[in-house]
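>>> return atomic coordinates for the entry below.
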Amino acid sequence: QVQLVESGGGLVQAGGSLRLSCAASGRTFSIYVMGWFRHTPGKEREFVAAISWSGGNTYYADDVKGRFTISRDKAKNTVYLQMNSLKAGDTAVYSCALATRSKVMSTRDGALYDYWGQGTQVTVSS
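Modelled structure (predicted):
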């Protein structure tokens, strides 16, 4: 089993920044991709960003590209999401996810991921 624990959420004014962290523990010897998704009540879960564990290739949703940066620390089994120029529309619960192996689906597809964190609230006031 793998446990994922997010931190770093909070309340910030529009235009501000936050940095989310997600630490993986347990059976972390097999990490293929880690990603961030967000969810707002009444809307479907939305892909935000992902990073391949070995090569560090990054993937972003169009509306966060240029504002958010995903990175990883392999020694700490931790993935980060640096969020700059935050907008009210970024308000959501942000969850990290971990995929243990490649499947025939995109990194943007939640079905790729095997483990999920509980989520951390990000609120952007306008």
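>>> which residues pair with the spatially most central residue of the chain across the strands?
With the centre of the chain defined as its mean C-alpha position, the nearest residue by CA atoms, centre = their mean is W36, 1.8 Å away. For W36, the beta-bridge assignment (DSSP bridges) gives partners A49, C96.
>>> my read: it touches A50, true?
Yes - using CB atoms under 8 Å, W36 is in contact with A50, at 7.3 Å. All C-beta spots, glycine's among them, are computed from the backbone N, C-alpha and C.
>>> R67 versus the nearest residue to A111 once chain neighbours are set aside, what's the distance?
The spatial neighbour of A111 that comes closest, neighbours along the chain excluded (CB to CB, 6 or more residues apart in numbering), is M105 at 5.8 Å. According to CB to CB, to the nearest Å, M105 stands 26 Å off from R67.
>>> more neighbours, the two?
Each of M105 and R67 had its neighbours counted (other CB atoms under 10 Å), and the higher figure belongs to R67 (15 against 12).
>>> for that one, give me phi and psi.
With angles defined as degrees, to the nearest 10, R67 shows backbone torsions of phi -110, psi -40.
>>> once you drop chain neighbours, what's closest to it?
S85 (4.6 Å).
>>> who touches both of W36 and A50?
When CB atoms under 8 Å, 6 or more residues apart in numbering defines a contact, the residues bordering W36 and A50 alike are I70.
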